[in-house]
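**Q** Here's my sequence, what's the structure:
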Amino acid sequence: MPQLLLEIFSEEIPARMQQGAARDLERMASDRLKAAGLTWDALTTWAGPRRLTLVIEGLPTATPDREEEVKGPKTSAPEQALEGFLRKTGLTKEQLVERDGVLFAVLSQKGRQTTEVIAETVDAVIRAFPWPKSMRWGDATLRWVRPIKRILCLFDGAVVPFTIADGSPDIGGRVQGIESGDATEGHRFMGTKRPLKIRDFADYRKQLADNYVLLDVADRKLKILEAAKKVCADRGLALVDDDGLLDEVAGLAEWPTPILGDMDPQFLDLPPEVVQLSMKTHQKYFAVRDPSKQGLAPNFVVVANVEASDGGLALAAGNSRVLSARLNDARFFWDEDRKVGFDAWNKKLAGVTFHAKLGTLAERVDRIAALAREIAPLVGADPDEAYQAARLSKADLASGMVGEFPELQGIMGGYYVDALAQEPFPLDGGRAGMGVKASGVGGDISAPTAVTSNPSPSPIKGEGSPGGIAAAVRDHYKPQGPNDTVPTAPLTVAVALADKLDTLVGFFAIDEKPTGSKDPFALRRAALGVIRLVLENGVRIGLSSGSINPALAGLAGPNVQRALDKLSVEGEVLAFFADRLKVLLRDQGKRHDLVDAVFALGDDDLVRIVRRVEALDAFLATDDGANLLAGYKRASNILKAEEKKGPLPTGMVQTGLPNQPPEETALAFAAAAAATAVDAALETEDFAAAMTALAALRAPVDAFFTAVMVNSEVAEERENRLKLLGQVRAVMGRVADFGQIAG
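**A** Numbers count the residues shown, from 1 in each chain. All right, here's what the predicted structure looks like:
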């Protein structure tokens with residue numbers, strides 16, 4: 001069947017917009033062609049620096065004839081309703097069909113030529129295309145991301161004729177436009193200067209490749225990666241992988257050609273993240289490392305869009321000079337920041353609003369520091385060290401380097417703490433920059449000599465001297481996503497938990513909770529970060545007593561604008577954690593209803609909750625677990641029905657009653673034994689043993705429901721059996737709320 005080939009050729013499309021544009025082109029074209037009644041075998045789109053391409057295989061030459069039945073008014077409806085329906089359908093009353101007292105219009109539509117539909121579709125797609133930013137050019141009123149130069153449109157090998165009117169007038173005042181054709185262009189510099197006449201997609205792709213254009217972004221990325229690794233390997237070096245940069249440079253060059261350049265080795269005394277980010281952000285260069293050493297090599301890889309006759313020597317030299325200028329800027333920030341330091345930066349934070357209802361960044365630092373001190377003993381960190389680390393954690397936000405490279409927040413703070421340990425920052429008459437001074441070369445940071453807004457009652461020591469403090473400042477933002485690493489040092493864990501908990505509790509307290517797909521303050525990410533920090537480090541901390549309540553206490557000030565209902569906020573945050581935990585465990589193959597069943601017990605120790613869920617999941621996967629769950633639900637339904645009539649009977653279950661069935665007696669003894677075994681297992685948090693104890697109830701419960709009538713006509717028997725079912729429900733309820741589990 002015929003093939004449609006469409007290319008919209010323009011000036012350079014920003015790399016960050018290309019893949020979104022390919023998806024939008026696919027969606028918009030599909031929607032319009034389907035609405036016209038067309039079907040096809042395959043639809044594919046591509047995006048590159050100067051072109052968007054669409055290919056559809058297997059389109060019919062015409063749309064099918066269509067017949068549609070439209071329901072109208074009843075035959076008894078007023079005349080005005082009938083007249084309105086006739087105007088809408090364009091039919092006469094005699095052409096309507098009556099069925100069961102209702103009038104119907106049968107509308108027939110003849111099929112149209114596919115070329116007509118294509119022309120209308122292309123025009124509509126171009127005019128409504130959702131570019132993040134677009135422009136007009138010359139006198140045209142048409143908008144596109146960059147000026148459109150050509151539109152190639154072939155159907156079954158022939159040009160689909162149409163003109164996209166751009167609103168620009170010619171000399172005679174007539175409206176001009178962009179006409180479709182069968183030509184495109186190759187590489188701007190290396191391709192032939194004449195237009196390329198195209199027959200079909202295979203010819204299109206081949207001619208582009210012959211003229212130094214790789215259509216598929218996957219091909220461009222592969223060429224970049226293989227060639228970049230080769231030029232590095234030829235010099236005994238290795239490429240520093242950067243998937244984000246690879247995606248970007250693949251959208252900058254139609255014929256990407258990696259070139260290895262040299263940089264001044266003196267810049268390697270800058271933090272490697274600064275060097276790499278300066279390369280990436282400003283110049284789109286890949287960093288390079290020496291496999292035989294730690295750190296970066298004095299080299300870079302630039303991806304050119306041409307194959308230079310000199311092998312890229314001139315290009316490499318020119319880019320090296322530009323990079324030196326950029327790195328000199330970075331060195332300026334590095335040197336100037338070390339003249340200032342933490343005292344001055346923390347003072348600046350007092351003038352930066354974190355949120356109108358939550359105060360300044362300085363007030364946020366106060367809250368985080370106090371909370372880190374509370375959390376520290378629970379994670380095995382020193383409270384005073386945690387307090388000091390938290391006091392320094394946000395200071396680098398006011399530094400020049402982080403102002404230039406916001407991605408380095410935290411990372412630069414860690415470097416500045418390390419630098420301070422080597423040589424104190426002079427400021428305010430020579431006081432050390434974070435309110436402490438260093439003794440000796442690389443010595444411990446000793447007693448405070450400058451007054452901060454909240455001085456630590458003790459000097460920094462142990463883990464915090466000085467590498468632990470630096471690590472805590474550097475890594476306290478982690479984990480920032482599902483693939484980010486989780487800190488393990490107790491000091492870092494304490495500060496990271498305090499940072500995320502302050503964010504969560506603060507925004508819940510001012511009623512700025514996530515809604516639907518909107519989460520402007522990244523609270524879902526913060527909650528997931530807390531969960532991962534707790535679980536992956538085995539932190540035994542109660543969410544309410546150990547974290548949420550202390551965080552709420554820090555908010556009880558004038559900056560929280562609404563009356564703070566602490567119990568309400570605590571419940572909302574706990575429910576939010578439960579929801580995030582369900583998402584995490586679901587991704588691991590666990591059932592979300594099991595999280596509800598365990599959370600219903602009121603436990604807020606995430607480590608214990610997950611262990612219960614895992615044991616419960618394994619138990620319910622067995623026959624004993626599945627059948628006992630069914631027995632529980634049957635017992636629970638009986639008890640719920642009785643509760644509607646009045647209070648359930650209480651007291652001890654009796655055995656040895658006259659005519660008491662042996663199955664009832666057996667279940668009573670089994671329930672008592674299970675209660676003892678479950679309590680012992682829960683005391684030691686041996687949840688597998690608790691499930692084993694419950695499994696022993698399966699046979700007695702099944703036998704009881706098979707042989708015993710609960711609603712006996714004898715009141716004493718009925719009450720005893722209800723007590724027995726209540727006992728079974730109670731002992732199972734110590735492990736989880738089985739009523740929350742789907743059976």
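
**Q** Let me see the ranges of the helices in the stretch 501-650 of the chain.
**A** 523-537, 549-555, 566-587, 592-599, 606-620, 623-645 (DSSP state H, counting those that start in this stretch).

**Q** hmm, who's touching the longest one?
**A** Meaning helix 623-645. Residues outside helix 623-645 that contact it (C-beta atoms under 8 Å, 6 or more residues apart in numbering): 619-620, 648, 691, 694-695, 697-698, 701-702, 705, 710, 722, 725-726, 728-729, 732, 738-739, 741, 743. In short, each C-beta sits where N, CA and C put it, glycine included.

**Q** Report the beta-bridge partners for residue 515.
**A** With DSSP bridges as the criterion, residue 515 is bridged to residue 518.

**Q** Domain-wise, how is the chain divided?
**A** The chain breaks down into these domains under automatic domain parsing: 3-62+113-210, 66-109, 217-339, 343-589, 618-740.

**Q** Pick out the shakiest of these, pLDDT-wise.
**A** In terms of average pLDDT, domain 343-589 trails the rest of the domains of the chain, at a mean of 79.

**Q** Quick one: end-to-end length of that one, please.
**A** With C-alpha to C-alpha, to the nearest Å as the measure, the first residue of domain 343-589 is 48 Å from its last.

**Q** again with stretch 254-270
**A** Termini of stretch 254-270 sit 34 Å apart (C-alpha to C-alpha).

**Q** Distance from the chain centre to it, please.
**A** Mean-position distance between stretch 254-270 and its chain equals 32 Å (C-alpha atoms, centre = their mean, to the nearest Å).

**Q** mind listing what's buried in it?
**A** Buried residues in stretch 254-270, defined by neighbour count with 16 or more other C-beta atoms under 10 Å: 254-263, 267, 270.

**Q** from the contacts of helix 623-645, which ones fall inside helices?
**A** Judged by DSSP state H, helices contain the following of the contacts of helix 623-645: 619-620, 691, 694-695, 698, 701-702, 705, 722, 725-726, 728-729, 732.

**Q** quick one: which of these is nearest residue 222?
**A** residue 620 (46.7 Å; C-beta to C-beta).

**Q** residue contacts, the spatially most central residue of the chain?
**A** Nearest residue to the geometric centre of the chain (C-alpha atoms, centre = their mean): residue 481, 6.6 Å. Residue 481 makes contact with residue 525, according to C-beta under 8 Å, 6+ apart.

**Q** repeat that with 10 Å
**A** 522, 525, 528-529 (C-beta atoms under 10 Å, 6 or more residues apart in numbering).

**Q** re the thing from before, filter the contacts of helix 623-645 to the buried ones?
**A** Among those, those buried by neighbour count (16+ other C-beta under 10 Å) are 619-620, 691, 694-695, 697-698, 701-702, 705, 710, 722, 725-726, 728-729, 732, 738-739, 741.

**Q** Would you confirm that residue 273 contacts residue 405?
**A** Yes - between residue 273 and residue 405 there is a contact under C-beta atoms under 10 Å: 8.4 Å.

**Q** which residues are in contact with both of these two?
**A** Common contacts of residue 273 and residue 405 (C-beta under 10 Å, 6+ apart): 411-412.

**Q** if we can go back for a sec, what would the domains of the chain look like in JSON lines with distance to residue 608?
**A** Listed next are the domains of the chain as JSON lines, based on distance: least, C-beta to C-beta, whole Å:
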{"stretch": "domain 3-62+113-210", "distance to residue 608": "44"}
{"stretch": "domain 66-109", "distance to residue 608": "60"}
{"stretch": "domain 217-339", "distance to residue 608": "38"}
{"stretch": "domain 343-589", "distance to residue 608": "8"}
{"stretch": "domain 618-740", "distance to residue 608": "6"}
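
**Q** between those, which gets nearest to residue 597?
**A** For residue 597, the closest of these is domain 618-740, at 4.1 Å, according to C-beta to C-beta.
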